[in-house]
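Participant: need coordinates for the following:
(chains A and B)
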Protein chains: 2
Amino acid sequence: METFFNPGSVAVIGASNSPFNLGATICRALNEISSWDGAVFAVNRKAETVHGCPGYAAVTDIPETVDLAVIITPARVVPQFVQQCADKGIRHVIIESSGFSESGEEGKSMQRMIDETARKSGMRIMGPNCLGVLNTRNQFCCFYGIQADDFNTFAQESGNVSYIIQSGGIVVIVLESFTTDVVRANKIVSIGNKSDIDEADMLEYFSRDDSTEVIGMYLENIKDGRKFIEAARRVTKPILAFKVGRTSEGARAAMSHTAGMANNDRIFESACAQGGIIRVNSISELHAMPKMFTHMPPLRGKRIAVFTNSGAFGGITADLLVQAGLEMARLSPETQEKLSRTGQIFNVANPIDLGPALSMQTFLEIFDILLSSDEVDGLLPVPSLWHPMVIDAIVELVKKCRHYGKPAAIYTPNAVHKTVSYRQKYQVPLFESPEEAVRALKVSYQQSCFVAMKDALRSVYDMERCGEHRVAEPMLQEA
Amino acid sequence: METFFNPGSVAVIGASNSPFNLGATICRALNEISSWDGAVFAVNRKAETVHGCPGYAAVTDIPETVDLAVIITPARVVPQFVQQCADKGIRHVIIESSGFSESGEEGKSMQRMIDETARKSGMRIMGPNCLGVLNTRNQFCCFYGIQADDFNTFAQESGNVSYIIQSGGIVVIVLESFTTDVVRANKIVSIGNKSDIDEADMLEYFSRDDSTEVIGMYLENIKDGRKFIEAARRVTKPILAFKVGRTSEGARAAMSHTAGMANNDRIFESACAQGGIIRVNSISELHAMPKMFTHMPPLRGKRIAVFTNSGAFGGITADLLVQAGLEMARLSPETQEKLSRTGQIFNVANPIDLGPALSMQTFLEIFDILLSSDEVDGLLPVPSLWHPMVIDAIVELVKKCRHYGKPAAIYTPNAVHKTVSYRQKYQVPLFESPEEAVRALKVSYQQSCFVAMKDALRSVYDMERCGEHRVAEPMLQEA
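Facilitator: Here you go, the predicted model:
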């Protein structure tokens, strides 16, 4: 699998100098924009050089070894190019062309031909009907159509979140959103119709990939439920998954897009519970939630302390926390007494109303009191940014969370464009709404439960393997 | 009520030159920043001039007529100042000080004293524990603590959305968000503990106010359920209301904030249904939804056509529409045939997959076909902004929606900071997520139903009044 993300040489089949040629955009990205230093060959009828990449009429004409072929030609000629790749001994092929299972009988029959060739030659195939791969570590990228601006924006900085995404449109939103967030992408793979490589294979790969801390998934269907659950169970990194098709109308639309079976959504729901996968509710959660894992310790209990200097948000967040199945921490008289000694606080019961004016020192004392208290598992701070000191206090809070091993999901009550710009400027993990902050606490807690249960499950498996015990498999339950 | 928004002269009681004096910020805003041209007097012990406003030791010393008094002193001296206002013959008083019903028995007893004075003298009181009033039409603003930057940002441009808000923190988010949106505020009133003037009084006022097209509310409780429902029923403008306290924890927090009764949330839910009030689910909906009413015709049926060039969003939006109780429009073979003649479209069934490349002409033809079709009540367009032409097409779409009398809730699949900047630059009503766009369609449809039912209710009342009929009152049902 590593070769898909880190090939030494690539042939772009279908790259030519015709106007609007999509293969040419891949040659340009790899040869002229990216700092990736492998060899790129263009394959086209005229054997013409494309953006400096030497041209050949067939992959079999390329004198050097080709690690990876990217095919982006009309669908009807794809099977013959796959055969050529097999003849050349290429073991890794990405088919980006569309027009296969997602578009009727003829497409389905072509996909079967390709599968047959692949099986015979031991070739692994990604796609068809996909966008390809981006690896920010080595700047390898075979997304078709990518422009220089986008390439530089998306691939320049490396992070620790990897994605398995069944659609190119979602890739763009995630990468665009990261430009104003505190996390960055590591590797992204768009698996399209997944005739061969599927979501379970990619989970396995990212589970072992050292630079991946969090795995995100956008799915339109699952190929093999059992394989998917088994793979997910072996992953202890957080897996965030969004699946379309909650309704029959949505499932029908997804089917025409990437050709999957219209899985019953309840099967997916159950797979998430059994595999320990966090199901997210929107595309924006796919890119907003990872920072809770990369920038904060896990939430290990349900008891949350809220503090704010906008009284309204005490009530709003209390509603949201309770509705999410979390709890408002009950602060003892001793803790309340400690809080009231820090300064002029309006209300020391949870939700704590800080009142309008607070010094940096008071903020720091409040953080210590709450984070060190065994009555509190995590924080939901909603401080108004009325003074530059407040953002400095937030920076300190992030450090203190690491120190105490308890998380805070921070929301500053501002318009989203202001929050986004503060987050980018000060590199603190701010959430964009109170709803998002509460979700972050919830998914963090869910992940803690999943990790504990996967550990338990592993012990059971280990015991079984030693022949010591033979027990019924415990079912993982959602938090 | 008009005097609160348009006084000829104002006394700011408690404005002095002491450091951090909040009354002084009001004098400065009115006298040095705002273009409002009424007279401002400062009332303080030393009778000192504040930011150019002549100072007096008591309101009764002011030789001229005072239309409105704004009191911002410690709570314990408020009752005596209210009495002074009565003596001076002032009929309109805003009490911004906190420390009344929301903070214990002593505060409650002071509030009773004030109420008594007001009742005797025929004075109307707004507050206590409130932020005051902003009228963008004449730039009259008595928000305490407002800075020049914020004043210029919030009050400079006038719009048609008025708000009744029980908390200052929410006012800031709404006004900040409007700076990047296509709508602007008209009047904002923060009613705090509402010892006298309440949400029902303000509904009445905004209902008759010509420059108000949409009414937004943030409530922590309702003072008088029956009065509230009666007032709401007479309003045919859209009313969007957010209420905190869905859970007992949230209700408890709200109580300590603005001192209301912890109303059972189901009573509020029922009041919304009976009064024809759209209950919104988040603070962000309070400022995001009004543009659907100011910039688009109403949605009069449930059948929505989706078109996108990111296949994933076909499925995502279909799920969201169905879950919201709306329907995917069924396009007849004739309509599909018309669509397929416009250009190279991937899928002409709803959700329509436009494919990657589309000309302006094709866009315009698709708009006409869908908006003129009697199979479609409204649109959910999700066009990728891959080319500047697309935003031009969106501008045309907004015009065509007005022409055909059907709405579109437009979402461009981008990171939120990009959407926000496009919206601001091109002044088109873009929503920030597919969830938000679907909500906009839903609330528009809900309002259409409410208007129809209020009309029906009015006919029944009219008939009753004429003695022609005596019928049971129909219950308004939520759409």
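
Participant: on the pLDDT front, check the residue in the stretch 301-450 of chain A that chain B sits nearest to for me.
Facilitator: Closest residue of the stretch 301-450 of chain A to chain B, C-beta to the nearest C-beta: residue A:310 (2.8 Å). (C-beta placed from N, C-alpha, C; glycine too.) Residue A:310 carries a pLDDT value of 84.

Participant: cool, and the one 4 residues further on?
Facilitator: Reading off the confidence values, residue A:314 has pLDDT 94.

Participant: so what's it closest to, chain neighbours aside?
Facilitator: With sequence-adjacent residues excluded and distances taken as C-beta to C-beta, 6 or more residues apart in numbering or on different chains, residue A:314 is closest to residue A:351, at 3.3 Å.

Participant: repeat that for residue A:295.
Facilitator: Of all residues not flanking residue A:295 in the chain, residue A:429 sits nearest, at 4.2 Å (C-beta to C-beta, 6+ apart).

Participant: so what's that neighbour scoring on pLDDT?
Facilitator: 98.

Participant: over to the one 10 residues further on?
Facilitator: If you check residue A:439, the pLDDT there is 98.

Participant: which residues of the stretch 251-400 of chain A score low on pLDDT?
Facilitator: The stretch 251-400 of chain A contains residues with pLDDT under 70 at A:257-263, A:357.

Participant: ok, now the stretch 101-250 of chain A?
Facilitator: Scanning the stretch 101-250 of chain A for pLDDT under 70 picks out nothing.

Participant: all strands of it, in order?
Facilitator: When assigned using DSSP state E, counting those that start in this stretch, the strands of the stretch 101-250 of chain A occupy the ranges A:124-126, A:132-135, A:140-141, A:161-165, A:185-190, A:214-219, A:239-243.

Participant: quick one: which of those is nearest residue A:49?
Facilitator: Set against residue A:49 and scored by C-beta to C-beta, the strands of the stretch 101-250 of chain A come closest in strand A:140-141, at 20.5 Å.

Participant: what comes into contact with the closest one?
Facilitator: Under the criterion C-beta atoms under 8 Å, 6 or more residues apart in numbering or on different chains, residues A:5-7, A:29-30, A:34, A:36, A:38, A:132-135, A:151, A:154-155 lie in contact with strand A:140-141.

Participant: was I right about residue A:134 contacting residue A:185?
Facilitator: Yes: judged on C-beta atoms under 8 Å, residue A:134 makes contact with residue A:185 at a distance of 7.1 Å.

Participant: overlap in contacts, those two.
Facilitator: The contact sets of residue A:134 and residue A:185 overlap at residue A:154 (C-beta under 8 Å, 6+ apart).

Participant: and the helix or strand encompassing residue A:292, what other elements does it pack with?
Facilitator: In this structure, residue A:292 is located in helix A:290-294 according to DSSP states H and E. Secondary-structure packing of helix A:290-294 (3 or more C-beta pairs under 8 Å, 6 or more residues apart in numbering or on different chains; DSSP states H and E): strand A:214-219, helix A:434-465.

Participant: which one of those has the poorest average confidence?
Facilitator: Looking at these, the weakest mean confidence is helix A:434-465, a mean of 90.

Participant: quick one, what contacts the residue of the stretch 151-300 of chain A found nearest chain B?
Facilitator: Here the stretch 151-300 of chain A gets closest to chain B at one residue, residue A:169, 2.7 Å apart by C-beta to the nearest C-beta. Contacts for residue A:169 were tallied using C-beta under 8 Å, 6+ apart; they are B:308-313, B:384, B:413.

Participant: nearest to chain B, of the contacts of strand A:140-141?
Facilitator: Of all these, residue A:154 has the smallest distance to chain B: 11.5 Å, by C-beta to the nearest C-beta.

Participant: what's the closest non-adjacent residue to that closest one?
Facilitator: Nearest non-adjacent residue to residue A:154, counting by C-beta to C-beta, 6+ apart: residue A:175, 4.3 Å away.

Participant: equivalent analysis for residue A:157, please.
Facilitator: Among residues not flanking residue A:157 along the chain, residue A:184 sits closest, at 4.7 Å (C-beta to C-beta, 6+ apart).

Participant: Provide the backbone phi and psi angles at the one you found.
Facilitator: Backbone torsions for residue A:184, taken as degrees, to the nearest 10, come to phi -140, psi 160.

Participant: same question for residue A:428.
Facilitator: Taking degrees, to the nearest 10 as the convention, residue A:428 sits at phi -110, psi 150.

Participant: burial of residue A:421, as a residue count?
Facilitator: 14 (other C-beta atoms under 10 Å in any protein chain shown).

Participant: what about it, helix or strand, and which?
Facilitator: Applying DSSP H and E, one finds residue A:421 within helix A:416-426.

Participant: show me what that helix is in contact with.
Facilitator: A:179-182, A:385, A:391, A:394-395, A:411-412, A:414, A:428-433, B:176-177, B:179-180, B:284, B:416-417, B:420, B:432.

Participant: try it again with 7 Å
Facilitator: A:180-182, A:385, A:391, A:395, A:412, A:430, A:432, B:176, B:180, B:416-417, B:420 (C-beta atoms under 7 Å, 6 or more residues apart in numbering or on different chains).
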